[in-house]
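[1] dropping a prediction and its sequence here:
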Amino acid sequence: MAFADIAKFIEEKTDFPLKDRHDLPSSPLTFEGGAHYRMEITGIECAENFEYLSKEIDKRKIPIHRVIGTVGGSAKLDFQELKYYAQIAADNKIEVLVNPVPSRSWDHGRQYTTSEGYVSGMRIRGQDNLYLWLKEFDRCLEAGIRGFLICDEGLLSLLNDMKKEGVIPKDVKFKVSVFAGHGNAVGGKLLQDLGADSFNPLGDLTWAMLASVRSVTRIPMDVYMSVVDSMGGFQRNLEADEIARICAPVYFKFEPGKNEADIYNPWSSPAHLNELVKLKMQYAVIAKEWCDRSNYNLVFNDYKDDLSIPRP
């Protein structure tokens, strides 16, 4: 066997590119409703924070399609607040995807919190923790939430088996988090095959890398336009039109700040979270401005009929 045989197999027997797509093709895909890109605001941690976002949306006059909420865990909200959170989203016609439970960095396991254990990823540790995840998942469904953030491919597969069998509602959506660590075409296709409705690739992928992922996937990609300092602190608003052209359908994702540990700890003040919301909304406006200035005829709209909006 020679490497030529491996290359031939990939090129002739699979849909995967052998290398990244440095030709940077334009994606032929769009969202239902025709948009190339949409806006996603990450880290809306409580009802008060969501109320503030609602006011900023009215002020900025820009559609927000999706919120990634309770990154520190929806379990830190009592049921009354969780239902109110869902109601705010429903009133504003915003899709919400929540992280049900505190991640491995907040449970009593220690490997993930060490400097080298961190690279093991945020998949669920043990069946008891899977059980607790499912219990909180059930509580969220009862509150009306219809979208969930997933870090574990095994859990994703299980949940989609439940959806196929009618155990959970058909309108539930699953987004695979950046903490699952996928950053190439093969991984993106795997997530799609396992039932992901969208996924957040690694935040530092080049245009060619993103193009290779898009060449074999149909589901939306959720691409960081800004990210916390502890994960690189980069800002990609200047690239917005190229990312929209190459990655469509794509959610522009905004998560500025110092680090996730500070933002998503249960004792983070709503005032601090609200200040971050102002910045996230400002960045969303800037990203749209760059797309509007482009010659690519990129479509952005407020079409929301395909969103899994909460049903409180």
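    Ah, there it is.
[2] hey, where'd the strands end up in this protein?
    Secondary structure of the chain, counting by DSSP state E: strands at 37-44, 66-69, 95-98, 147-150, 173-176, 198-199, 221-226, 250-254.
[3] what's in contact with the second one?
    What it means is strand 66-69. With contact meaning C-beta atoms under 8 Å, 6 or more residues apart in numbering, strand 66-69 is reached by 38-45, 50, 53, 85, 89, 94-99, 147, 149, 175, 251, 253, 307. No exception for glycine: its C-beta is placed from N, CA and C like everyone else's.
[4] could you do the third one as well?
    For strand 95-98, the external contacting residues (C-beta under 8 Å, 6+ apart) are 65-70, 74, 85-86, 89, 140, 145-149, 173, 175, 304, 307-310.
[5] quick revisit: in JSON lines: the strands of the chain, plus mean neighbour count and mean pLDDT.
    Below are the strands of the chain laid out as JSON lines (neighbours: other C-beta atoms under 10 Å; pLDDT from 0 to 100):
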{"stretch": "strand 37-44", "mean neighbour count": "27", "mean pLDDT": "97"}
{"stretch": "strand 66-69", "mean neighbour count": "27", "mean pLDDT": "96"}
{"stretch": "strand 95-98", "mean neighbour count": "27", "mean pLDDT": "98"}
{"stretch": "strand 147-150", "mean neighbour count": "25", "mean pLDDT": "97"}
{"stretch": "strand 173-176", "mean neighbour count": "24", "mean pLDDT": "98"}
{"stretch": "strand 198-199", "mean neighbour count": "24", "mean pLDDT": "97"}
{"stretch": "strand 221-226", "mean neighbour count": "25", "mean pLDDT": "97"}
{"stretch": "strand 250-254", "mean neighbour count": "27", "mean pLDDT": "98"}
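[6] R236: which of those is closest?
    strand 221-226 (4.9 Å; C-beta to C-beta).
[7] now that closest one - C-alpha only, CSV.
    The C-alpha coordinates for strand 221-226 follow below in CSV (Å, rounded to 0.1, in the frame of the first residue of the first chain):
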residue,chain,number,x,y,z
MET,A,221,-22.2,26.3,11.2
ASP,A,222,-21.9,28.6,14.2
VAL,A,223,-18.8,30.6,13.8
TYR,A,224,-17.2,32.8,16.4
MET,A,225,-16.9,36.4,15.4
SER,A,226,-15.6,37.3,18.8
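[8] so what secondary structure elements neighbour that strand?
    If you count contacts as 3 or more C-beta pairs under 8 Å, 6 or more residues apart in numbering; DSSP states H and E, strand 221-226 packs onto strand 198-199, helix 207-214, helix 240-247, strand 250-254, helix 270-292.
[9] how about a cut-off of 10 Å?
    Using 3 or more C-beta pairs under 10 Å, 6 or more residues apart in numbering; DSSP states H and E as the contact test, the elements touching strand 221-226 are strand 37-44, strand 198-199, helix 207-214, helix 240-247, strand 250-254, helix 270-292.
[10] ranking helices and strands of the protein by mean pLDDT, which lands last?
    helix 260-264 (a mean of 79; mean pLDDT, DSSP states H and E).
[11] how far does that helix sit from its chain's centre?
    17 Å (C-alpha atoms, centre = their mean, to the nearest Å).
[12] just to revisit the earlier point, of all the helices and strands packed on strand 221-226, which one is nearest I57?
    Evaluated over these, closeness to I57 peaks at helix 270-292, with 7.3 Å, by C-beta to C-beta.
[13] tell me the angle that closest one makes with strand 221-226.
    110 degrees (axes from the mean of the first three to the mean of the last three C-alpha atoms, to 10 degrees).
[14] in helix 270-292, what's buried?
    For helix 270-292, a neighbour-count test (16 or more other C-beta atoms under 10 Å) marks 273-274, 276-277, 280-281, 283-284, 286-288, 290-291 as buried.
[15] out of those, which is nearest to E239?
    Checking the buried residues of helix 270-292 against E239 by C-beta to C-beta gives W290 as the nearest, at 8.0 Å.
[16] tell me how far that closest one lies from S27.
    17 Å (C-beta to C-beta, to the nearest Å).
[17] can you list the buried residues in the least confident helix or strand of the chain?
    E260, I263, Y264.
[18] as CSV, the residues you listed with distance to E81 would be great.
    Converted to CSV, the buried residues of helix 260-264 look like this (distance: C-beta to C-beta, whole Å):
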residue, distance to E81
E260, 21
I263, 18
Y264, 16
